[in-house]
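# Coordinates only, no sequence provided:
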Ligand code: 4NP
């Protein structure tokens, strides 16, 4: 099993959106038995909360499930379980690297997987309100991340 954890600040806007979008792509590729997906926040403020209204509204519109998702805070134990910690911006990257460094765990910004990318940090819609822009970026990032994981682990898609 390959374990992927998406990380943002609050775990209510960006990382739950990435979790839902990525899981949807994994499922559509027939890889749900190969890739496990989760998300967490650096901060503790929203622990136990369902995704932000803006994220829910957008995922509803795209017909992507977020059923059962609740915010949680990242812990050191996540380094033992997850192979990929995929963060949204430079602040997340810094915060996550301070918690723990582990050679075997890939810690990378989502948009680093997109070739010739213009926007390297996924902006925080909690402050900007622009969930559509975030979705465009997250969708693009998740597409390329899945391609990379499939290639690196020689997974076989069942389309
Ligand atoms: P997220 O957005 O990191 O994309 O989930 C935020 C949600 C809440 C807060 C900050 C960012 N907050 O400060 O409460």
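Arrived safely, thanks for sending. On a predicted model such as this, the values are computed, not experimentally measured, just so you know. Numbers count the residues shown, from 1 in each chain.

# next one: phi and psi at residue 93?
phi -60, psi -50 (degrees, to the nearest 10).

# got the residues of the protein near the ligand?
When proximity is defined as Cβ under 6 Å from any ligand atom, the chain approaches the ligand at 8-14, 45-46, 124, 126. Where you see a C-beta, it was placed from the backbone N, CA and C, and this is true even at glycine.

# Columns secondary structure, pLDDT and neighbour count on top of those residues, output as TSV?
Formatted as TSV, the residues of the chain next to the ligand follow (DSSP: H, G, I helix; E, B strand; the rest coil; pLDDT from 0 to 100; neighbours: other Cβ atoms under 10 Å):
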residue	secondary structure	pLDDT	neighbour count
8	strand	98	29
9	coil	98	22
10	coil	98	21
11	coil	98	29
12	coil	98	28
13	coil	98	28
14	helix	98	33
45	coil	97	12
46	coil	98	21
124	coil	97	19
126	helix	96	18
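
# biggest separation within those, which pair?
14 and 45 (14.6 Å; Cβ to Cβ).

# Tell me the helices and strands packed up against the helix ranked longest in the chain.
When the chain is parsed with DSSP state H, its longest helix is helix 131-152. For helix 131-152, the packing partners by 3 or more Cβ pairs under 8 Å, 6 or more residues apart in numbering; DSSP states H and E come out as strand 2-8, helix 14-28, helix 53-61, strand 84-87, helix 125-128.
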